[in-house]
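Visitor: Fold the following.
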Amino acid sequence: MCLNCGFRTLTNLEQQYIANKILKINERKRWSDPPPTDPTKRALQDEEIFQTAKLVNCGHFMSAIMGDYVAGFLGASEGCNWNMNAFDVCSHLQQLTNFA
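Guide: Here you go, the predicted model:
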């Protein structure tokens with residue numbers, strides 16, 4: 001139970017950090033800082049930033065799990081150049097897409 005609470009706290013803190021960075025960078029000038037005064041627009045902006053930060057955070061943990069944890073229990077040592085990149089395009093799916 002304690003490990004689960006610690007992991008949730010870690011991911012929440014990381015997600016808040018990512019959300020703040022996303023708002024500060026605001027690459028496409030999509031959001032306003034300070035937030036809109038209209039509660040509906042503010043809630044929409046908060047939700048968009050939250051969901052974007054969640055995707056970034058999940059991608060980060062997924063990459064760590066695939067690259068470190070999976071490699072570890074498969075027995076790939078540090079000298080091995082094997083890796084499992086979850087973000088690589090699957091050639092089988094690409095072939096199916098080209099077929100249609």
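
Visitor: C-alpha only now, for contacts and for neighbours.
Guide: Noted.

Visitor: and the closest residue to residue 24 other than its chain neighbours, how many neighbours does it have?
Guide: Spatially, and ignoring its direct neighbours in sequence, residue 24 is nearest to residue 33 (8.0 Å; CA to CA, 6 or more residues apart in numbering). A count of nearby residues for residue 33, using other CA atoms under 10 Å, gives 9.

Visitor: what does the one 3 residues further on give?
Guide: Burial measure for residue 36: 14 neighbouring residues, criterion other CA under 10 Å.

Visitor: quick one, phi/psi of it?
Guide: phi -60, psi 150 (degrees, to the nearest 10).

Visitor: residues in contact with it?
Guide: Counting by CA atoms under 8 Å, 6 or more residues apart in numbering, residue 36 touches residue 42.

Visitor: Let's test this: mean pLDDT of whatever helix or strand residue 64 lives in, rounded?
Guide: Element membership of residue 64 [criterion: DSSP states H and E] is helix 39-64. Averaging pLDDT along helix 39-64 yields 91.

Visitor: what do you get for stretch 75-95?
Guide: Here the average pLDDT along stretch 75-95 is 64.

Visitor: State the distance from the residue nearest to residue 24 to residue 56.
Guide: For residue 33, the distance to residue 56 (CA to CA, to the nearest Å) stands at 21 Å.

Visitor: just residue 19 next, same as before
Guide: For residue 19, the distance to residue 56 equals 9 Å [CA to CA].

Visitor: again, but for residue 64
Guide: As judged by CA to CA, residue 64 and residue 56 stand 12 Å apart.
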